[in-house]
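> What follows is a protein structure lacking sequence information:
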């Protein structure tokens, strides 16, 4: 899977006057009560270099039993180690990432979310095909400081296995809260075990620390570009060491939780086979050389270890830019995620499972043959303007879908339950926008004028700069109100989100 390279393009119109985006100040005050309110960046950035080379640590895991997983997620500031440095971050249950939740199709997930922050938060189970209403994946609900809420999600019995994740989704605060550490993995297990020697949950994040170990606030320009942190982390570590024996086959479940960073991944010298991305599993594993994960995407990867030492790279990716930003804000920054050291005795035959040992999965439904009830066009745009009315953001860049910034009070798209629709996603801006639809997965039909031959299911579809993509969506199983948005989360917070109601 090779990303398509392209030139930078620049948007017409100026940035206007910079202004502080609402929602950030409360977060930084919650991280460090001794910080002065006028310290926008929390002090000088940088400080001590990250500690590299330690063995990889996996997040704690909680597994369902007898069809149920019940837990409490305490959301609060805490002291954790990020990149080997003591840091003040936001944590789920005192860790970054939060615990990994392992479920099976048909399970009930009960989460008591306790808000120990000084600002509202909530919970979104990204990619899960569950109800968006009431106490389930309802992103319109706000859990206020000092309060708690009991979420309950019921997975359908035929829910696709795969890699998912959870994070806050309170509009205006999403990017800040994730950048500060609020994210964790969800695994929906396979009906039949895939034989591997080791399974790793690899949560990729980025952030920026100041010299005192605080999560640094970001400038209005960084928000408009989509922030990329100076510190690239894997399970909260900087370039950790992964070890294996030659011939061993490992399963890597990779999640891109970054606010805006695209991950163009390579692991040269090793055999890589992709089981699937997002909720889309392939009938058979596909051999790949590199992967592109937009923000929010996930990959389920088999790695057959070959002797030697390989670097797990995040290579540069050009996601575009805007006037006045090039050279000031990192766009498509590269980095090293981990070192993979393979040495010792060849793995035992039971560990060196071959690709043929992976049970074939039935082909997924192809919506290209389905009757289409409606065709829509959604235009993702950026442009100079007055910004949000009454929001004190005059002169800021506007981020819109079909010319409108997000309003919870407005329903932008109404869909008949049980139907299939075709959406054409048009990006008129000079930056990529990864489009995410909650609850209902999308089948990618066409990418920039090229037909997609296979059944490709995604819940995040990258719409390239000045490009377009066509998807089909089966609005089945659940009704209610939810959202779609750009998964460069700064752009979502700045207004590039719409409300959908299925009824």
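Nice, I can see it. Here the structure is a predicted model, which is why all the values come from computation and not from measurement.

> mind listing what the residue nearest the centre of the chain touches?
Nearest to the geometric centre of the chain sits residue 296, at 2.1 Å (C-alpha atoms, centre = their mean). Applying C-beta atoms under 8 Å, 6 or more residues apart in numbering to residue 296 gives the contacts 126, 256, 257, 434, 436, 459, 460, 487. From N, CA and C alone the C-beta is placed, and that goes for glycine too.

> ok, it to residue 229 distance?
In this view, residue 296 and residue 229 are 16 Å apart by C-beta to C-beta, to the nearest Å.

> ok so, going back, what is the nearest of the contacts of residue 296 to residue 274?
residue 256 (14.6 Å; C-beta to C-beta).

> I'd assumed residue 293 was in contact with the closest one.
Yes: Residue 256 lies in contact with residue 293 (C-beta atoms under 8 Å); the separation is 4.2 Å.

> tell me the SS of the nearest residue to residue 494 once chain neighbours are set aside?
Setting aside the residues directly before and after it, residue 494 is nearest to residue 399 in space (C-beta to C-beta, 6 or more residues apart in numbering), at 4.4 Å. At residue 399, secondary structure determined by DSSP: H, G, I helix; E, B strand; the rest coil is strand.

> ok, residue 399 - contacts?
By C-beta under 8 Å, 6+ apart, the neighbours of residue 399 are 381, 382, 405, 486, 491, 494, 495, 496.

> Which one (most neighbours) among those residues?
residue 486 (31 neighbours; other C-beta atoms under 10 Å).

> Enumerate every residue touching the residue located most distally from the centre of the chain.
What lies farthest from the middle of the chain is residue 345; by C-alpha atoms, centre = their mean that is 37.2 Å. Residues near residue 345 by C-beta under 8 Å, 6+ apart: 245, 246.

> go on, residue 451?
residue 445.

> can I assume it sits in a strand?
Yes: assessed by three-state DSSP, residue 451 belongs to a strand.

> Tell me what it is bridged to.
residue 446 (DSSP bridges).

> where do the strands sit along the stretch 301-450 of the chain?
Ranges of strands in the stretch 301-450 of the chain, per DSSP state E, counting those that start in this stretch, are 308-315, 335-342, 374-384, 397-401, 413-415, 420-427, 433-437, 442-447, 450-458.

> can you check the stretch 101-250 of the chain too?
With DSSP E, counting those that start in this stretch as the criterion, the stretch 101-250 of the chain has strands spanning 108-115, 124-126, 148-154, 162-167, 184-188, 198-207, 231-234, 241-244, 249-256.

> out of those strands, nearest to residue 411?
Comparing the strands of the stretch 101-250 of the chain by their distance to residue 411 (C-beta to C-beta), the top pick is strand 124-126, with 18.9 Å.

> partners of the closest one in the sheet?
Paired with strand 124-126 in the same sheet, following DSSP bridges, are strand 162-167 (antiparallel).

> Quick one: residues in contact with the strand it pairs with.
98, 101, 123-128, 174, 177-178, 182-188, 203, 253-255, 257, 276, 278-281, 298-300.

> go with 7 Å
123-128, 178, 182-188, 253, 255, 257, 276, 278-279, 281, 298, 300 (C-beta atoms under 7 Å, 6 or more residues apart in numbering).

> repeat for stretch 439-448
Outside stretch 439-448, the residues touching it (C-beta under 7 Å, 6+ apart) are 129-130, 132, 137, 279, 367-368, 452, 455-459, 461, 464, 467-475, 478, 482.

> And the top strand by length along the chain, how far out from the chain middle?
Criterion DSSP state E: the longest strand present in the chain is strand 68-82. Distance, stretch centre to chain centre, for strand 68-82: 18 Å (C-alpha atoms, centre = their mean, to the nearest Å).

> Check the offset of the next helix or strand after it from the chain's centre.
Later in the chain than strand 68-82, the nearest helix or strand by DSSP states H and E is strand 85-92. Relative to its chain's centre, strand 85-92 lies at 19 Å (C-alpha atoms, centre = their mean).

> For strand 85-92, which residues meet the burial criterion?
Residues of strand 85-92 classed as buried by neighbour count (16 or more other C-beta atoms under 10 Å): 85, 87, 88, 89, 90, 91, 92.

> okay, now the domains of the protein?
25-188, 198-357, 367-502 (automatic domain parsing).

> need those in a markdown table with mean pLDDT, can you?
Below are the domains of the chain laid out as a markdown table (pLDDT from 0 to 100):
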| stretch | mean pLDDT |
| --- | --- |
| domain 25-188 | 88 |
| domain 198-357 | 89 |
| domain 367-502 | 92 |
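
> List the residues that contact residue 129.
156, 159, 439, 441, 477.

> quick revisit: Throw the buried residues of strand 85-92 into TSV and include distance to residue 60, thanks.
Shown next, in TSV, are those (distance: C-beta to C-beta, whole Å):
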residue	distance to residue 60
85	21
87	18
88	21
89	16
90	17
91	12
92	10
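
> Tell me which two of these sit farthest apart.
85 and 92 (19.6 Å).

> Need the three-state assignment for the residue lying closest to residue 497 once chain neighbours are set aside.
Spatial nearest neighbour of residue 497, excluding adjacent residues (C-beta to C-beta, 6+ apart): residue 485 at 3.5 Å. What three-state DSSP gives for residue 485 is strand.

> Can you name the residues bridging to residue 485?
residue 436, residue 497.

> can you pull the contacts of it?
436, 492, 496, 497 are the contacts of residue 485 under C-beta under 7 Å, 6+ apart.

> From those residues, pick the one nearest residue 76.
residue 492 (23.8 Å).

> so the closest one makes contact with residue 173?
No: between residue 492 and residue 173 there is no contact under C-beta atoms under 7 Å: 10.6 Å.

> Wait, residue 76 touches residue 116, no?
Yes: Residue 76 lies in contact with residue 116 (C-beta under 7 Å); the separation is 3.1 Å.

> Just the residues contacting stretch 464-479, thanks.
6, 9, 129, 131-132, 156, 320, 367, 370, 415, 417-432, 437, 439-440, 442-448, 461, 463, 502-503.

> Name only those of these that count as buried.
Using 16+ other C-beta under 10 Å, the buried ones in the contacts of stretch 464-479 are 129, 131-132, 320, 367, 415, 419-432, 437, 439-440, 442-445, 447, 461, 463, 502.

> Residue 490 falls within a strand, correct?
No: looking at residue 490 with three-state DSSP, it is helix, so not inside a strand.

> didn't it look like it was pressed against residue 175?
Yes: Residue 490 is in contact with residue 175 according to C-beta under 7 Å; the separation is 4.6 Å.
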